[in-house]
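1. based on what follows, work out the 3D shape:
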Amino acid sequence: IPLVIIQPVSPRQIRQALNAVGLRASVEAAIAAGDQNLKDWWEFSTAFERDHSAVVLMGHALEQTPEALDALWALGASL
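-> Sure thing, here's the model as predicted:
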């Protein structure tokens, strides 16, 4: 099975993808409840990587499968 590399998406792309799937409010609530490093990552990142530890943890917290996160990144990349 070939390794698939999922490209990073921009802050706009990830936010619009989250809007489209109805997860933005849940993500932003979790960010607001997180520590300052998490808040800074969300506010100041210039790109969001699918395999970043914060993405993986957020996915688990919001009960998203790895496939759902992959699909979210694919959607973001298309926007």
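
2. just the element for Gln64, please.
-> Gln64 is part of no helix or strand, with elements assigned from DSSP states H and E.

3. so what's the residue count around it?
-> 19 (other CB atoms under 10 Å). (C-beta placed from N, C-alpha, C; glycine too.)

4. go on, Ser45?
-> If we define neighbours as other CB under 10 Å, then Ser45 has 15 of them.

5. I'd guessed it sits against Pro11; true?
-> Yes - under the criterion of CB atoms under 8 Å, Ser45 makes contact with Pro11 at 6.4 Å.

6. give me the element the residue positioned nearest the centre of the chain is part of.
-> Centrality entry for the chain: nearest residue to the mean C-alpha point is Val55, 5.2 Å, by CA atoms, centre = their mean. Per DSSP H and E: Val55 is located in helix 53-61.

7. list the contacts of stretch 64-79.
-> Identification of contacts with stretch 64-79 by CB atoms under 8 Å, 6 or more residues apart in numbering yields 6-7, 9-10, 12-14, 16-18, 20-21, 23, 48, 50, 55-56, 58-59.
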